[in-house]
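Colleague: quick one: sequence and predicted model below, then my questions.
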Amino acid sequence: MDTELMLKVYPFFLQAAGLTIVLSVLTALLGLVCGALGAAARLSRFVILRFLGAAYVSVFRGTPALIQLFILYFGGPQIGIQLDAFQAGVIGLGVNAGAYMAETIRGAIIAVDRGQTEAARTLGLSRWQAMARVVLPQAARLMVRPLGVNLNMLIKATALVAAISVVELTYTAQRYIGSTYKPFEMFLLAGVLYMAIIYVTGRGVAWLDRRVRIH
């Protein structure tokens, strides 16, 4: 194993890891927004909203994220959507992640005893007040860990944007393999940095889970 080469290219991989982190954060935020909207639609009293929510989840969970990225980045210009590679990566992965987060959020809300909502309504709270003040605080304790799992999957899924030339960890590894012919060292270095990011993220999710459960 060529450790000297790995030390030489390490700064460039560290820079790419920074882009991977930024991509993960932006994608996770968009995924949470899409997930919350998707969950709200699926729990709505209106049939059309439930249908749209179910369609969103089914389409984006039922097709490969890579195909969705290709449609957005390469096919978008045909219908007037002009995005650079980074924007397409954030939007494509964010909307895809949102479909999984929607089910996580919906599942946590459904897991709260329905009697809690009925009791809140009896006390004079509206449906949305009962949801905001009674159901969601309890559901939050149930959704932190599953959302953490979604986030870990999302971080690893950022490797897909290498296919549309976003210079993150996987693309950087591929680029240096082309010039060094050292695939083992390059992918090993990328893998170690992915593991470091996921480890720190996991610790953060564990801390947040403890805080939510305490309060």
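Modeller: Received, thanks. Residues are numbered from 1 along each chain as shown.
Colleague: under the pLDDT cut-off, which ranges of this structure? List them.
Modeller: 215 (pLDDT under 70).
Colleague: helices of that one, start to end?
Modeller: For the chain, the helices defined by DSSP state H cover 3-42, 47-62, 65-70, 85-111, 114-122, 127-130, 136-157, 169-180, 183-214.
Colleague: tell me what the third one is packed against?
Modeller: Put plainly, it is helix 65-70. Applying 3 or more Cβ pairs under 8 Å, 6 or more residues apart in numbering; DSSP states H and E, one finds that helix 65-70 contacts helix 85-111. (Glycine included, C-beta is placed from N, CA and C.)
Colleague: again, but for the fourth one
Modeller: Applying 3+ Cβ pairs under 8 Å, 6+ apart, we find helix 85-111 packed against helix 3-42, helix 47-62, helix 65-70, helix 136-157.
Colleague: off-centre distance for that helix?
Modeller: Mean-position distance between helix 85-111 and its chain equals 6 Å (Cα atoms, centre = their mean, to the nearest Å).
Colleague: repeat for the last one
Modeller: Here helix 183-214 is found 14 Å from its chain centre; the criterion is Cα atoms, centre = their mean.
Colleague: buried residues in it, which are they?
Modeller: By neighbour count on 16 or more other Cβ atoms under 10 Å, the buried set for helix 183-214 is E185, M186, F187, L189, A190, L193, Y194, I197, I198, T201, V205, D209.
Colleague: next up, the contacts around L160.
Modeller: A65, L66, L69, G89, L93 (Cβ atoms under 8 Å, 6 or more residues apart in numbering).
Colleague: run the last query once more with 7 Å
Modeller: Each residue near L160 by Cβ atoms under 7 Å, 6 or more residues apart in numbering is listed here: A65, L66, L69.
Colleague: just G92 next, same as before
Modeller: G92 sits in contact with Q68, L69, L72, where contact means Cβ under 7 Å, 6+ apart.
Colleague: same deal with V167?
Modeller: Neighbours of V167 in contact, by Cβ under 7 Å, 6+ apart: A16, L19.
Colleague: how about 10 Å then?
Modeller: F12, Q15, A16, L19, T20, A85, F86, V161, R175 (Cβ atoms under 10 Å, 6 or more residues apart in numbering).
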